[in-house]
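Novice: I need the structure of the sequence given here:
(2 chains)
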Amino acid sequence: QKEVEQDPGPLSVPEGAIVSLNCTYSNSAFQYFMWYRQYSRKGPELLMYTYSSGNKEDGRFTAQVDKSSKYISLFIRDSQPSDSATYLCAMSESQGAQKLVFGQGTRLTINP
Amino acid sequence: NAGVTQTPKFQVLKTGQSMTLQCAQDMNHNSMYWYRQDPGMGLRLIYYSASEGTTDKGEVPNGYNVSRLNKREFSLRLESAAPSQTSVYFCASSGLTNTGELFFGEGSRLTVL
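Specialist: Numbering: from 1, shown residues only, chains lettered A, B, ... in the order given. This is a model prediction of the structure:
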């Protein structure tokens, strides 16, 4: 069983829809949670960063962490075609990237 | 404003051939990383270098070697390529921030026949 599980999709939704992307994990020591966005044939870029449990909002994006359920989510409101990308969750026990564990990534397409 | 630059972008090798992937960053970051990305497997760490002069194994180091040439450059070498090493390879760097954000290159697509 992988330490971090993410539904690979693909997920296809119409423009303007609310999108929910999720990851589950098994390591209760994870404290730092991230979402990276990867456009086709590009490297991933950090989208959201959250420490411990709770919500974080940045524009149309909201990251949620539920440590009791070992479950994290990324919500995208008013989705746009430019949001079409692969979204990877990542998490670690400590600060720094050396021990970062990535999910498999979910490929998302927003249809105009 | 180049960020992380990887070369080559594409490469086809025959089984048993060797090659080196080059990576350079211009952000004055201390730490550098090599990942591979395969369908259904996500990003997996091959090797990393926390600072100039140090290197450490990641999750999947077998079949690879690395060299941290200086603070800017971190190379990945395949001594005897195997079809299982067909993948997209990403170099990344990170600086001293709270988030430990990784900055990635655009990737090198390697096919081993």
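Novice: so A:Arg107 bridges to which residues?
Specialist: Assessed by DSSP bridges, A:Arg107 has beta-bridge partners A:Thr86.
Novice: okay, the residue of chain B found nearest chain A: pLDDT?
Specialist: Chain A sits closest to B:Phe104 of chain B, with a gap of 2.9 Å, by C-beta to the nearest C-beta. Where you see a C-beta, it was placed from the backbone N, CA and C, and this is true even at glycine. On pLDDT, B:Phe104 comes in at 97.
Novice: If you tally nearby residues, what's the number for A:Ser53?
Specialist: 14 (other C-beta atoms under 10 Å in any protein chain shown).
Novice: tell me the phi and psi of it?
Specialist: Phi and psi for A:Ser53, reported as degrees, to the nearest 10, are phi -80, psi 160.
Novice: Hmm, A:Ala63 and it touching each other?
Specialist: No. Counting by C-beta atoms under 8 Å, A:Ser53 sits too far from A:Ala63 to count as a contact (11.1 Å).
Novice: Once you drop chain neighbours, what's closest to the residue of chain B closest to chain A?
Specialist: A:Gly43 (2.9 Å; C-beta to C-beta, 6 or more residues apart in numbering or on different chains).
Novice: Need phi/psi at the one you found.
Specialist: phi -80, psi 160.
Novice: I'd like the distance between it and A:Ser68.
Specialist: 33 Å (C-beta to C-beta, to the nearest Å).
Novice: Have a look at those two and say which one is more surrounded.
Specialist: A:Gly43 (23 against 8).
Novice: Could I get the contacting residues of the closest residue to chain B within chain A?
Specialist: Using C-beta to the nearest C-beta, A:Gly43 is the residue of chain A that sits closest to chain B, at 2.9 Å. A:Gly43 sits next to B:Val4, B:Phe90, B:Ala92, B:Phe104, B:Gly105, B:Glu106, B:Gly107 when contact means C-beta atoms under 8 Å, 6 or more residues apart in numbering or on different chains.
Novice: Export those residues as JSON lines, with columns for neighbour count.
Specialist: Formatted as JSON lines, the contacts of A:Gly43 follow (neighbours: other C-beta atoms under 10 Å in any protein chain shown):
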{"residue": "B:Val4", "neighbour count": "23"}
{"residue": "B:Phe90", "neighbour count": "26"}
{"residue": "B:Ala92", "neighbour count": "27"}
{"residue": "B:Phe104", "neighbour count": "23"}
{"residue": "B:Gly105", "neighbour count": "25"}
{"residue": "B:Glu106", "neighbour count": "16"}
{"residue": "B:Gly107", "neighbour count": "22"}
